[in-house]
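In: Here is my input, please return the structure:
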Amino acid sequence: MGIRDGGRFSPMADTSPHDASGYGRAGRAAGIACLAALALAATPACSVRKFAINKVANVLSRGGEVYASDDDPDLVAQALPFGLKTMESLLAESPEHRGLLLATCRGFTQYSYAFVDTEAMIVEPRDYDRAQYLRERALRLYLRARGYGLRGLELDHPGIARRLQLSPADAAAEARPDEIGTVFWTGAAWGAALSVGKDRPDLLADVDAVRALLRRALEIDESYENGAIHQTMIAIEALPEAMGGSLARATQHFERALELTGGKQAGPFVAYAENVDVARQDRSAFVADLEKALAIDPDAQPSTRLANLIAQRRARSLLGRVDELFLEPE
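Out: Numbers count the residues shown, from 1 in each chain. Now for the predicted structure:
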């Protein structure tokens, strides 16, 4: 799954003593106060509050590269929770803000995968109890993300959450092309929850809903987020055949993801090694794919730097567990 979006913030006030027109801070403050007074006189206070909340929500819901190009995953891990809670606070005030619902779904999915789910994998060899706690937390975060995504879909398709469980393909077909972001990230969050909660029959029963959402996203635009849909489908199609999976289809999605990314992203290699190479018990392919992921230069493409660094962190952890994951030695 890829880390691409971050909040773009703009300063609300000039910190210099004078602005370009020669007026000082006092003059500017007086002007703002007058404008605010006129606005309050003409508009009910609640409407002004709603307007302000929606303006801030619009800024937070826009994509950017503040986080995506960062070279310090730990710094991003510490910064993201505040932003996510801020978005949740704004949604409490503006619960039908489509952009914010999508951004919150996407944000919790990415945060959980990059900094909770991956950390569980890293610590498991030395602290099994800690890994279990982290996986349970990752599951809760994925389900929270799914909830925001379904809320976004429900705005224009009332009852779609239930229909996705009863008639997945028909329900997913209702989604419009302009809803591809919500369709994909809801499916990605739901699929990630399924991967972590494989001991939960209630989640496993939803695999058809996950597959339907992701297939609908592919129908709309397979190149969305530089092949992120195909990368996500690797794990879904690598599920057992009894759950509708197919390693052959997983391989097709892997190959298409490589085409769309130009082989410059580590994520597809890691997803394929973790899901398909392990399922096939192909140790040499597993090592080769992870080494390809580690050979990618994160600085060569700044817009995906953070995603590559996180995928490579996961790759190193997997390589360290090769004897555990494969029954036969090299």
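
In: Report the residue spans of the protein with pLDDT below the cut-off.
Out: 1-66, 329-330 (pLDDT under 70).

In: Now the longest helix anywhere in it: buried residues?
Out: For the chain, the helix with the greatest residue count under DSSP state H is helix 128-154. Using 16 or more other CB atoms under 10 Å as the test for burial, helix 128-154 gives 131, 134-135, 137-153. Backbone N, C-alpha and C define where each C-beta goes, glycine included.

In: what's it packed up against?
Out: Judged by 3 or more CB pairs under 8 Å, 6 or more residues apart in numbering; DSSP states H and E, helix 128-154 is in contact with helix 98-111, helix 118-123, helix 160-166, helix 180-196.

In: and among those helices, the most buried is which?
Out: Most buried of the helices and strands packed on helix 128-154, by mean neighbour count (mean count of other CB atoms under 10 Å): helix 180-196, with a mean of 27.

In: which one of the helices and strands packed on helix 128-154 lies closest to residue 304?
Out: Comparing the helices and strands packed on helix 128-154 against residue 304 with CB to CB, the closest turns out to be helix 98-111 (12.8 Å).

In: Distance from the closest one to the middle of the chain?
Out: Between the mean C-alpha location of helix 98-111 and the chain-wide mean there is a distance of 7 Å, by CA atoms, centre = their mean, to the nearest Å.

In: Equivalent analysis for stretch 238-255, please.
Out: Put simply, stretch 238-255 sits 22 Å off its chain's centre (CA atoms, centre = their mean).

In: sorry, back to before: could the helices and strands packed on helix 128-154 go into CSV alongside distance to residue 270?
Out: What follows is these, written out as CSV (distance: least, CB to CB, whole Å):
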stretch, distance to residue 270
helix 98-111, 15
helix 118-123, 10
helix 160-166, 28
helix 180-196, 14
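
In: Out of those helices, which is closest to residue 295?
Out: helix 118-123 (19.6 Å).

In: Buried ones in the helix or strand where residue 289 lies, by neighbour count?
Out: According to DSSP states H and E, residue 289 maps onto helix 283-295. Residues 283, 286, 287, 289, 290, 292, 293, 294 are the ones in helix 283-295 that count as buried (16+ other CB under 10 Å).

In: List the contacts of the last one.
Out: With CB atoms under 8 Å, 6 or more residues apart in numbering as the criterion, the residues that contact residue 294 are 266, 312, 315, 316.

In: and what of the second one?
Out: For residue 286, the contact set (CB under 8 Å, 6+ apart) comprises 273, 277, 278, 318, 322, 325, 326.

In: By neighbour count, which of those residues wins?
Out: Within the contacts of residue 286, residue 273 tops the neighbour count with 27 neighbours, counted by other CB atoms under 10 Å.

In: these two touch, right, residue 116 and residue 140?
Out: No: Residue 116 lies out of contact with residue 140 (CB atoms under 8 Å); the separation is 9.3 Å.

In: Looking at the contacts of residue 294, which is nearest residue 242?
Out: Closest approach between those and residue 242, by CB to CB: residue 315, at 29.0 Å.

In: does the closest one count as helix, strand or coil?
Out: Secondary structure, DSSP: H, G, I helix; E, B strand; the rest coil: residue 315 is helix.

In: So it versus residue 130, what's the distance?
Out: Remark: distance between residue 315 and residue 130 (CB to CB, to the nearest Å) = 21 Å.

In: do the same with residue 183
Out: For residue 183 relative to residue 130 (CB to CB), the value is 34 Å.

In: likewise residue 92?
Out: 32 Å.

In: Equivalent analysis for residue 248, please.
Out: Taking CB to CB, one finds residue 248 at 37 Å from residue 130.

In: what's the closest non-adjacent residue to residue 107?
Out: Take residue 107 and drop its neighbours on the chain: the residue closest to it by CB to CB, 6 or more residues apart in numbering is residue 84, 5.2 Å away.

In: no no, residue 310
Out: Nearest residue to residue 310, sequence neighbours excluded (CB to CB, 6+ apart): residue 114, at 4.7 Å.

In: Quick check, that neighbour in contact with residue 74.
Out: No: if you go by CB under 8 Å, residue 114 and residue 74 don't touch, sitting 10.9 Å apart.

In: Neighbour count for these two, which is higher?
Out: residue 114 (25 against 9).

In: Could you point out which of the helices and strands packed on helix 128-154 sits nearest residue 236?
Out: Per CB to CB, nearest to residue 236 of these: helix 180-196, 5.4 Å.

In: if we can go back for a sec, could you tell me the angle between the longest helix of the chain and helix 180-196?
Out: Counting by axes from the mean of the first three to the mean of the last three CA atoms, to 10 degrees, helix 128-154 lies at 150 degrees to helix 180-196.

In: Tell me how far helix 128-154 lies from the chain's centre.
Out: Relative to the chain's own centre, helix 128-154 is displaced by 12 Å; criterion: CA atoms, centre = their mean.

In: For residue 111, see how far away the closest residue to residue 108 other than its chain neighbours is.
Out: Of all residues not flanking residue 108 in the chain, residue 145 sits nearest, at 3.7 Å (CB to CB, 6+ apart). To residue 111, residue 145 is 9 Å away according to CB to CB.
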